[in-house]
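Q: Got a predicted structure here, sequence first:
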Amino acid sequence: KTLARLLDVPLAITDATSLTEAGYIGDDIESVVSKLLAAADNDTERAERGIIFIDEIDKIAKKKNTTARDVSGESVQQGLLKLLEGSEVEVPVGATSKNAMVPLVTIDTRNILFICGGAFPDLENIVKERLTRHSSIGFSAELKDKYDQDKNIVSKVTIDDLRAFGMIPEFIGRLPITVTLEGLNRDMMIRILKEPKNAILRQYQKLLALDEVDLRFDDEALGVIADKAIARKTGARALRSIIEEFMLDIMYEIPKDDNIGSVTITKAYIEGKGSPMIAMRGTPALPESPSANN
C-alpha cells in the first residue's frame, strides 16, 4: 500500500484461495485484473501500470498424491502464467457476477507489477531435508539436527524447494525474485508491543486512563511477554492473547476501587509468581520505566 501511494499507482490486493479454473464456482483468474481496474476507477491506462498483490499464493500449490480433480491448484497456476508474462486480457467493467452482460475492456498486463506472498507452511522441512541430505559420518560431518534451531532457515530456499512444495517450474520462472522475511526475535516483539501508533500497550493504557488509572509496564515484564509469544510460534498475534490473559482481572477489578491511582505490571505477575504493584491516589508512584510509554 505504501509503495502504491508513493508511486501514485492503483493497487489491488487479492486472495489466491478463492481462485478456481474457468467454469467452476469461485473467482476466475481474470478477476485479479478486474479488481485492479476497479481500483483505477475504470481507467485502463492507469490500471496497466498498477500493482497487483496476490496473497496466500502457497494455497494454489499442486496437491500431492490425490486422485480428486485439482480445481484450485496447478490449473490456477497455469492460468496465472499468461497474466504474469504479460498478455492482453479481456476484463468485465464493474461486474460482480460472472455472466453479467457488461462491456469488456482489454488490458495489457505487460507493465503491471505482480507481487505474490504466502506463508508456505512446511517449506522449512523441505529446505532442511535438502540441506541434510548429504550428511555423512565422521568428525567433520554435518549433523542431522544442525538446522533444527535455525529460525531463518527459509532464507536458504531455492527454486528446487519451491518446486518440491508444489509450484510448477513455469510459474516460478515468471516470478524471478524470491524474497523471504526474517522470523521475529525478542527485541522485535518488544518493539511491536510499544512502538506502533495503536500499539497494544497503549490501547490498555487508554482504557484504564478512562478510569483515571495510570498503567505502566516493567521492562523485564515486556521481555517475559515477548519470550512467551515466541514460544507459542504464532508470530506477533500471540502478543494479544498473552496480554489478554493477565489483563483480564486488572480490567475488571481496578475500576471498582476509586482510590487506585496507578498499576505497574511486573515480571513476577506475568510469570504467575506475584501480583502487580498498585499505588493509591496521592501517593508518589514508582519511577516511570522509560519503555512503557515510548
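A: Yes, it's here.
Q: average model confidence for the helix or strand where Ala221 lies?
A: Assigned by DSSP states H and E, Ala221 belongs to helix 219-232. Mean pLDDT, helix 219-232: 94.
Q: For it, buried residues please.
A: Ala221, Leu222, Gly223, Val224, Ile225, Ala226, Lys228, Ala229, Ile230 (16 or more other CB atoms under 10 Å). Every residue, glycine included, has its C-beta placed from N, CA and C.
Q: how about the CA coordinates for that helix, as PDB?
A: The C-alpha coordinates for helix 219-232 follow below in PDB (Å, rounded to 0.1, in the frame of the first residue of the first chain):
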ATOM      1  CA  ASP A 219      11.000  -3.500  31.100                       C
ATOM      2  CA  GLU A 220      11.500  -7.100  32.500                       C
ATOM      3  CA  ALA A 221       7.800  -7.800  32.100                       C
ATOM      4  CA  LEU A 222       7.900  -6.900  28.400                       C
ATOM      5  CA  GLY A 223      10.800  -9.300  28.000                       C
ATOM      6  CA  VAL A 224       8.800 -12.100  29.500                       C
ATOM      7  CA  ILE A 225       5.700 -11.400  27.300                       C
ATOM      8  CA  ALA A 226       8.000 -11.500  24.200                       C
ATOM      9  CA  ASP A 227       9.500 -14.800  25.300                       C
ATOM     10  CA  LYS A 228       6.100 -16.300  25.900                       C
ATOM     11  CA  ALA A 229       4.900 -15.100  22.400                       C
ATOM     12  CA  ILE A 230       8.000 -16.600  20.700                       C
ATOM     13  CA  ALA A 231       7.300 -19.900  22.500                       C
ATOM     14  CA  ARG A 232       3.700 -20.000  21.000                       C
END
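Q: contact partners of it?
A: 184-187, 189-190, 193-194, 236, 238-239, 241-243, 265-267, 269-271, 289-291 (CB atoms under 8 Å, 6 or more residues apart in numbering).
Q: at 7 Å instead, please
A: Contacts to helix 219-232, defined as CB atoms under 7 Å, 6 or more residues apart in numbering, come from residues 186, 189-190, 193, 238-239, 242-243, 265-267, 270-271, 289, 291.
Q: Same list, the buried residues of helix 219-232, but as a markdown table with distance to Lys151 please.
A: Compiled in a markdown table, the buried residues of helix 219-232 are given as follows (distance: CB to CB, whole Å):
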| residue | distance to Lys151 |
| --- | --- |
| Ala221 | 24 |
| Leu222 | 20 |
| Gly223 | 18 |
| Val224 | 19 |
| Ile225 | 19 |
| Ala226 | 14 |
| Lys228 | 17 |
| Ala229 | 14 |
| Ile230 | 9 |
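Q: ok, those vs Asp55, which is closest?
A: Ala229 (23.3 Å; CB to CB).
Q: quick one: the closest one from Ala268, how far?
A: 18 Å (CB to CB, to the nearest Å).
Q: can you give me the helices in the stretch 1-150 of the chain?
A: For the stretch 1-150 of the chain, helices defined by DSSP state H, counting those that start in this stretch occupy the ranges 2-7, 31-39, 44-47, 74-85, 123-131.
Q: Tell me the spacing between Arg232 and Ile168.
A: Arg232 is 34 Å from Ile168, where distance means CB to CB.
Q: what's the residue nearest the centre of the chain in contact with, if anything?
A: Geometric centre of the chain, nearest residue: Ala119, 7.5 Å, by CA atoms, centre = their mean. Going by CB under 7 Å, 6+ apart, Ala119 touches Asp58.
Q: The nearest residue to Asp58 once chain neighbours are set aside: how many residues sit nearby?
A: Of all residues not flanking Asp58 in the chain, Gly118 sits nearest, at 3.5 Å (CB to CB, 6 or more residues apart in numbering). Neighbour count of Gly118, defined by other CB atoms under 10 Å: 18.
Q: just checking, Gly118 touches Ile60?
A: No - when contacts are counted by CB atoms under 7 Å, Gly118 is not listed as touching Ile60 (9.0 Å).
Q: how far is the helix or strand harbouring Leu239 from where the chain is centred?
A: If you go by DSSP H and E, Leu239 is part of helix 237-253. With CA atoms, centre = their mean, to the nearest Å as the basis, helix 237-253 stands 22 Å off its chain's centre.
Q: Where does pLDDT dip in the stretch 101-250 of the chain?
A: Applying pLDDT under 70 to the stretch 101-250 of the chain picks out residues 134-146, 149.
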